[in-house]
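S.K.: okay, predicted coordinates and the sequence, questions at the end:
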Amino acid sequence: MNLKKLIRDVPDFPKQGIIFKDITPLLGNAKGFKAAINNMAKKYKGKQINKIVAMESRGFIFGPALALKLGCGFVPIRKKGKLPYKTIKEEYQLEYGTDILEIHEDAVKPGENILIVDDVLATGGTAKAVCSLITKLDAKVVGLCFLIELSFLNPYEKLKGYEITSLIKY
């Protein structure tokens, strides 16, 4: 199945000059969504993954579905102040300013194998912050998996040394 055909381009969103890659048509297509999850799972089937970590909000769509498929746990990464228990945080650079991501301090255990999942890999800044959180908890990032990669933004520069899988590349 050609998943790229299920991604809608929305010009000038969220601002002038940006072409937003809208995944809602793919999510609304049962065969397309199933194919996306199955294709994401192929690379990691049989690997010793303890947990999938995904960042809000669209990572929460793919992360739990992939965790079920691979038979592992799921851990949410949230923006500052959204998690109810003790957290550790990572501040990271945005295009204009900074943001903070948090994870529960007991969400992953030392030595666990972690797969990071999200819908889109753009500059790599958010993914790099999540990798840092996982490393702070003494767990191992075994890969990063995305539905879409915006290769023209050169995300690999920030994510050197990590194994990256993307189903759709622009």
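M.R.: Sure, I can see it.
S.K.: how about the contacts made by the most centrally placed residue in the chain?
M.R.: Taking Cα atoms, centre = their mean, the centroid of the chain lies closest to residue 118, which sits 2.0 Å from it. By Cβ atoms under 8 Å, 6 or more residues apart in numbering, residue 118 lies in contact with 54-55, 58-59, 62-63, 126-127, 144-147. From N, CA and C alone the C-beta is placed, and that goes for glycine too.
S.K.: same question, residue 48
M.R.: residue 113.
S.K.: need the contact list for the residue lying closest to residue 118 once chain neighbours are set aside.
M.R.: In space, and not counting its chain neighbours, residue 118 is closest to residue 59: 4.1 Å by Cβ to Cβ, 6 or more residues apart in numbering. If you count contacts by Cβ under 8 Å, 6+ apart, residue 59 has them with 77, 117-119.
S.K.: ok, now how distant is residue 59 from residue 127?
M.R.: 10 Å (Cβ to Cβ, to the nearest Å).
S.K.: equivalent analysis for residue 103, please.
M.R.: According to Cβ to Cβ, residue 103 and residue 127 sit 14 Å apart.
S.K.: OK, contacts around residue 55?
M.R.: Counting by Cβ under 8 Å, 6+ apart, residue 55 has contacts 76-78, 101, 118, 126, 130.
S.K.: mind doing that once more with 10 Å?
M.R.: 63, 76-79, 101, 103, 116-119, 126-127, 129-130, 133 (Cβ atoms under 10 Å, 6 or more residues apart in numbering).
S.K.: how near is the closest residue to it other than its chain neighbours to residue 10?
M.R.: Leaving aside its sequence neighbours, residue 55 sits nearest to residue 77 (Cβ to Cβ, 6+ apart; 4.2 Å). Per Cβ to Cβ, residue 77 is found 25 Å from residue 10.
S.K.: for the two, indicate the residue with more neighbours.
M.R.: Neighbours per residue (other Cβ atoms under 10 Å) separate residue 77 from residue 10, with residue 77 holding more: 27 against 12.
S.K.: that one: which element?
M.R.: With secondary structure defined by DSSP states H and E, residue 77 is part of strand 73-79.
S.K.: next helix or strand past that strand?
M.R.: strand 87-94.
S.K.: biggest helix in this protein by residues?
M.R.: Counting by DSSP state H, the longest helix found in the chain is helix 30-44.
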